[in-house]
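sequence and predicted structure, then a few things I'm wondering about:
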Amino acid sequence: MSSPQWWQSAVVYQVYPRSFADSDGDGVGDLEGIRQHLDHLSALGVDVLWLSPVYRSPMDDNGYDISDYQDIDPLFGSLDGFDALLADVHARGIKLVMDLVVNHTSDEHPWFVESRSSKDSPKRDWYWWRSAKEGTVPGEPGSEPTNWGSFFSGPAWEYDDATGEYYLHLFSRKQPDLNWENPEVRQAVYSMMRWWLDRGVDGFRMDVINLISKDPALPDGDVRPGEEHGRLGRFVIDGPRVHEYLAEMHREVFAGTDRELLLVGETPGVTVEEARLYTDPARQEVDMVFQFEHMQVDRGASKWDVLPFDMRVLRQCLARWQEGLADVGWNSLYWDNHDQPRVVSRFGDDGPCRVESAKLLATVLHLQRGTPYVYQGDELGMTNYPFTSVDQFDDIESVNYFHESVAQGEDPQDVLAGLRAMSRDNSRTPMQWDDSNHAGFTTGTPWLPVNPNHVDVNAASQVGAADSVFEHHRRLIALRHEEPVVALGDFTLLVPDHDQLFAFTRCHEATELVVVANFSGEPAELPGVLADRCAGAELLIGGRPDPTLTPWESRVYRHRSR
Ligand code: NOJ
């Protein structure tokens, strides 16, 4: 990379507005609630706020189903309220990045309402309409144009009685896919993006952006044993025109602006090779991508089939991404977001070593090469929720999966166990501000239950408390701002075969950081090779330079002139 970019030394904080802070007592978080808690972000020291969708929406997928791209849903506030939030965020020197959901709209978006009204509608071709498979009866099960299964269970095609055709929806039936082959669609999206930039936002996190180009032949997918529908990934992930579209978007929306913007693509299923293409600065597509491989290291046959966690697999995966994007492109670094369970429960220890393991996960995250994303509650070491019944879940993906699996004869208790470990609702429970009723999130009834551990795990007890997870994150963020090696240094994995230690160096000019993390609940001896590496270095983060690391202990050493 030629000259350093501002976002290389930045840290992003993700807010999921429904669950962050409720200012009006309706049990759902809102923009005013975020505005009232900006001190929290300033105290942490983050540079960018990424706001999950707040647009007008029927909320089938909690706002990832948008019915008006240029308005705020009344549940969250108004455009005036948005402007007030943006002004306050900017006044604190923080940037604001919007979620951009343009692979699909809501079925209640006027574009889709118009499109579905008739086969002759001028917007018919704005979505993927197809007739039933040849020789079948339209509307009957099995007559869908392809055998594809949607990401949210059931077929990826919905039959529409009015015109006797099907429309494509990779996600819920209320999220029809836009047809990016149509240049009018692309221009409408670009014009909406320019409208938000003119309003003052500082960039976009682009939802499933690598799914916007589909193989126009729409071939059937492979059906795996025990599955009802075909896999669609091969035909929609990193599709034939996706790079062309992103380059065009860049030209149409971002070229010529001298503002410091952040463009991040969410790219499920992306490979290292494709990620290099998306993020190569010379190609002018996006600045960084969200890849998912490290979120699948504990995945069996499906997302719900959870394998025992093996740190060595995680380490190898992360190191491969570090090395793969070393010379071209850039990593987004994340553990949690609104689509993942809480990492302390997943890769750490949410029991006796919750605090230590949350700190270790933070150390390993912030000190890799890339831009770290802190999801609300990460900085407190929030954990999964102890779900006991399907009625406690709200998430469409989880609820659909439960009902489909039980209908296919699976044991409800087994299905529930999968949801408890992997459901997205684990990270969507309300933010834990204090130990009061509903954790200070709302004065009403929260839309999702508050984790009972909020009496111990909350912001009020951690902000300013020297040994807290919050203060640990704050130190790591400050280190990135102060010490160029964190943003710019190269990455080298150390002791790659060790069973407990995840260790690496970061080097830039004369400075070297050595990061050592005991990713286990047992003490770990510092092997000779690491002890030598740390000898004479300053211990920047971590308690004592003992030869033995305590369970889940992490340390950062610095050499000034290597
Ligand atoms: C990815 C988003 O992060 C997720 O929450 C959503 O359900 C899907 N895209 C569909 O928009």
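Perfect, I can see it now.

where does the residue of the chain positioned farthest from its centre land on pLDDT?
Here the centre of the chain is the reference, and by C-alpha atoms, centre = their mean the most remote residue is residue 135, at 42.0 Å. pLDDT for residue 135: 95.

how far away is it from the ligand?
Distance, residue 135 to the ligand, using C-beta to the nearest ligand atom, to the nearest Å: 33 Å. For glycine as for every other residue, the C-beta is placed from the backbone atoms N, C-alpha and C.

isn't residue 350 right up against residue 344?
Yes. Between residue 350 and residue 344 there is a contact at 5.0 Å, judged by C-beta atoms under 8 Å.

joint contacts of those two?
357, 383 (C-beta atoms under 8 Å, 6 or more residues apart in numbering).

between those two, point out the one with more neighbours.
A side-by-side neighbour count of residue 350 and residue 344, using other C-beta atoms under 10 Å, places residue 344 first with 29 against 19.

confirm the more buried one sits in a strand?
No. The assignment for residue 344, made by DSSP: H, G, I helix; E, B strand; the rest coil, is helix rather than a strand.

would you mind measuring from it to residue 297?
Computed as C-beta to C-beta, to the nearest Å, the residue 344 to residue 297 distance reads 16 Å.

before we move on, what about residue 524?
20 Å.

do the same with residue 32
39 Å.

next one: residue 155
30 Å.

more neighbours, the two?
residue 155 (23 against 19).

tell me the SS of residue 13?
Per three-state DSSP, residue 13 ends up strand.

which positions in the stretch 151-300 of the chain make contact with the ligand?
171, 207, 208, 266 (C-beta under 6 Å from any ligand atom).

cool, the chain as well?
So far as C-beta under 6 Å from any ligand atom goes, the chain lies against the ligand at 61, 64, 101, 171, 207, 208, 266, 338, 339.

inside helices: which ones of the residues of the stretch 151-300 of the chain next to the ligand?
Among these, no member falls in helices (criterion: DSSP state H).

nearest to the ligand within the stretch 301-450 of the chain, name that residue for me.
Residue of the stretch 301-450 of the chain nearest the ligand, by C-beta to the nearest ligand atom: residue 339 (4.7 Å).

between the residues of the stretch 151-300 of the chain next to the ligand, which is nearest residue 379?
residue 266 (21.5 Å; C-beta to C-beta).

which residues does the closest residue to the closest one other than its chain neighbours contact?
With sequence-adjacent residues excluded and distances taken as C-beta to C-beta, 6 or more residues apart in numbering, residue 266 is closest to residue 290, at 4.6 Å. Applying C-beta under 8 Å, 6+ apart, we find residue 290 in contact with 264, 265, 266, 267, 332, 334.

so which bits of stretch 413-431 are buried?
415-416, 418-431 (16 or more other C-beta atoms under 10 Å).

among those residues, which are in helices?
415, 416, 418, 419, 420, 421, 422, 425, 426, 427, 428.

of those, which is the nearest to residue 114?
residue 428 (32.6 Å).

look up how far residue 451 lies from that closest one.
From residue 428 to residue 451 the distance is 11 Å (C-beta to C-beta).

swap in residue 61?
Taking C-beta to C-beta, one finds residue 61 at 23 Å from residue 451.

with residue 548 instead?
33 Å.

and the helices in the stretch 401-550 of the chain?
412-422, 425-428, 459-462, 469-482, 484-488, 528-534 (DSSP state H, counting those that start in this stretch).

make a markdown table out of the ones you listed and add distance to residue 220 and mean pLDDT.
Converted to a markdown table, these look like this (distance: least, C-beta to C-beta, whole Å; pLDDT from 0 to 100):
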| stretch | distance to residue 220 | mean pLDDT |
| --- | --- | --- |
| helix 412-422 | 27 | 97 |
| helix 425-428 | 33 | 98 |
| helix 459-462 | 50 | 98 |
| helix 469-482 | 47 | 98 |
| helix 484-488 | 46 | 98 |
| helix 528-534 | 52 | 95 |
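
and those helices as JSON lines, adding distance to residue 560?
Shown next, in JSON lines, are those (distance: least, C-beta to C-beta, whole Å):
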{"stretch": "helix 412-422", "distance to residue 560": "44"}
{"stretch": "helix 425-428", "distance to residue 560": "39"}
{"stretch": "helix 459-462", "distance to residue 560": "31"}
{"stretch": "helix 469-482", "distance to residue 560": "13"}
{"stretch": "helix 484-488", "distance to residue 560": "10"}
{"stretch": "helix 528-534", "distance to residue 560": "14"}
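
residue 396: which of these is closest?
Of these, nearest to residue 396 by C-beta to C-beta is helix 425-428, at 10.4 Å.

residues contacting the closest one, please?
With contacts defined as C-beta under 8 Å, 6+ apart, helix 425-428 is touched by 16, 18-19, 62, 336-342, 345, 375, 377, 382, 384-385, 387, 392-395, 398, 448.

could you check how far residue 552 is from residue 196?
Taking C-beta to C-beta, one finds residue 552 at 42 Å from residue 196.

between those two, which is the more surrounded one?
Taking other C-beta under 10 Å, residue 552 and residue 196 do not tie; residue 552 has more neighbours (24 against 18).

my read is the more buried one is in a strand, agree?
No. Counting by three-state DSSP, residue 552 is not found in a strand; it is coil.

can you tell me the SS state at the closest residue in space to it that isn't next to it in sequence?
Closest residue to residue 552 apart from its sequence neighbours, by C-beta to C-beta, 6+ apart: residue 356 at 3.8 Å. The three-state label given to residue 356 by three-state DSSP is helix.

and the one 4 residues further on, by the same measure?
Put simply, residue 360 is helix when judged by three-state DSSP.

contacts only, for it.
Counting by C-beta under 8 Å, 6+ apart, residue 360 has contacts 348, 517, 518, 519, 552, 553, 554.

just checking, residue 235 touches residue 220?
No. Using C-beta under 8 Å, residue 235 makes no contact with residue 220, being 9.2 Å away.

tell me, how many residues neighbour the closest residue to the ligand within the stretch 51-200 of the chain?
In the stretch 51-200 of the chain, no residue comes nearer to the ligand than residue 64, which is 3.4 Å away by C-beta to the nearest ligand atom. When neighbours are defined as other C-beta under 10 Å, residue 64 has 24 of them.

quick check: buried residues in the longest helix along the chain?
Ordering each helix of the chain by length in residues (DSSP H) puts helix 183-199 first. Across helix 183-199, burial judged by 16+ other C-beta under 10 Å covers 185, 186, 188, 189, 190, 193, 196, 197.
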